[in-house]
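Trainee: give me a 3D structure for the following:
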Amino acid sequence: MCSSSWGKVYFEERFNDGNKWEKRWKVPSKYEKGTLGKFVLSPGKWHADEKENMGLQTSEDARFYALTTKFTSFSNKNKPLVMQFSIKHEQTIDCGGGYLKLLPANTDQTSFNGDAPYYIMFGPDHCGNKRQVHVIINYKDKNHMIKKHIPAPADDLTHLYTLVIRPDQTYSVFVDGEEEAKGSLTEDWSFLPPKTIPDPDAKKPADWVDEREIEDPEDKKPEDWDEDLPREIPDENAEQPSDWDEEMDGKWKRPLIENPNWKPKWKPRKIKNPAYKGPWAAPQIPNPEARSDETIYQFDNIGGLGIDWWQVKSGSIIDNILITDSFEEAEKVAKQVFKDLKEKEVSARDAFVAANKKSEDDKSSDQETKDKKDVKDKFDDDDGEL
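Mentor: I've put the predicted structure just below:
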């Protein structure tokens, strides 16, 4: 733990001191879901600053990834709790997560896996067109997902995710420094029983009309409406095939076609019901099981972080992890390692894409030249005859 002019920093990881990170982060020795993928230290194919953008990158496709680290335990009682980290899905992820788990200090690192208890799971999740920021909070040994949909960026650049939980039981989620969601812990998660419930003794009144439409009593069946005609009739224009053999094929019959004069069973048209009152709902009454809890925000034994990912396509880079009690500290770090380098990263990415395209174009041109030469050589070898 270290202090700053803004507040306390409980944990910070930049991955910019070489392979020393391996001493701070532990790979679980047991993992029930299969072979773990390997993290490698890398700034990625493009970056604004090689040292500042150095992070842990997934390197194997279709793998689980699991790491944990521990730090001096603390409680966020009466203090804000801020989780922040950056992630770059350099591979333009199609399916997989990129989130951190805030862990209790007594977490068993040797058996950490997706089912291990945690306090908070935070970060972007991608699966096809579904891209959202997860905020899952454990309350009384049950994990609760936020009820709001928070969109996650879908590109291949670095993005910064920040979660702030305050003692007044409010929260904010920031993506790249912009507040994407805010509200109350008690309203945006289902931690507590609802304050009111439908009255179980209420009954729908006998005269309650919940039919939105009725048959028009003024509508009359047309006099020429004949609904007794068959739907299909023999095709009078059909002729028996010349090669039809009744002994082999049976007696020939005209094929059936749709009857142009057929009409379905007549029904009056529908009109709006003037007596319609809408769907009936039982009146709300106070929930006898309702209760309040002013400590939902509070975790008394915070002492670790976990990475538990599944990725179909590898290439994601996690970096700039910060756990603090000061949003100002998080803003300072964000400006230093993210905002000041954002434009440079975009330029680096664009330059990489352009260079890669030129390389592919050159290869295509070289192949075309080679193909033409092969044709000419063959022509020459065949004395001018192809």
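
Trainee: how about the helices of the stretch 101-250 of the chain, start to end?
Mentor: 185-188, 246-249 (DSSP state H, counting those that start in this stretch).

Trainee: so for residue 98, which of these sits nearest?
Mentor: helix 185-188 (21.8 Å; C-beta to C-beta). In this view, the C-beta of every residue, glycine as well, is placed from N, C-alpha and C.

Trainee: by contact count, what packs against the closest one?
Mentor: strand 170-175 (3 or more C-beta pairs under 8 Å, 6 or more residues apart in numbering; DSSP states H and E).

Trainee: partners of the strand it packs on, with directions?
Mentor: Here strand 170-175 has these sheet partners by DSSP bridges: strand 158-165 (antiparallel), strand 178-184 (antiparallel).

Trainee: show residues contacting that strand.
Mentor: Here strand 170-175 makes contact (C-beta atoms under 8 Å, 6 or more residues apart in numbering) with 133, 135, 150, 152-153, 159-165, 179-185, 188.

Trainee: just the buried residues of those residues.
Mentor: Neighbour counting with 16 or more other C-beta atoms under 10 Å marks 133, 135, 150, 152-153, 159-165, 180-181, 183, 185, 188 as buried within the contacts of strand 170-175.

Trainee: quick one: low-confidence ranges for this structure?
Mentor: Counting by pLDDT under 70, the chain contains low-confidence ranges at 1-6, 32-34, 358-386.

Trainee: show me how it divides into domains.
Mentor: 2-189+295-337, 345-386 (automatic domain parsing).

Trainee: and what about residue 357, helix, strand or coil?
Mentor: Following DSSP: H, G, I helix; E, B strand; the rest coil, we place residue 357 in the helix state.

Trainee: for residue 91, that is, sorry about that
Mentor: Classified using three-state DSSP, residue 91 is coil.

Trainee: what about the closest residue to it other than its chain neighbours, how many residues nearby?
Mentor: Nearest residue to residue 91 in three dimensions, chain neighbours excluded: residue 315, at 3.1 Å (C-beta to C-beta, 6 or more residues apart in numbering). Neighbour count for residue 315, taken as other C-beta atoms under 10 Å: 20.

Trainee: swap in the one 4 residues further on?
Mentor: Residues contacting residue 319 under the criterion other C-beta under 10 Å number 24.

Trainee: I'd like the distance between it and residue 53.
Mentor: 7 Å (C-beta to C-beta, to the nearest Å).

Trainee: what is in contact with the two at once?
Mentor: Common neighbours of residue 319 and residue 53 (criterion: C-beta under 8 Å, 6+ apart): residue 158.

Trainee: mind checking how far residue 311 is from residue 150?
Mentor: Distance from residue 311 to residue 150, by C-beta to C-beta: 21 Å.

Trainee: do the same with residue 277
Mentor: Taking C-beta to C-beta as the measure, residue 277 falls 37 Å from residue 150.

Trainee: all good on my end, thank you.
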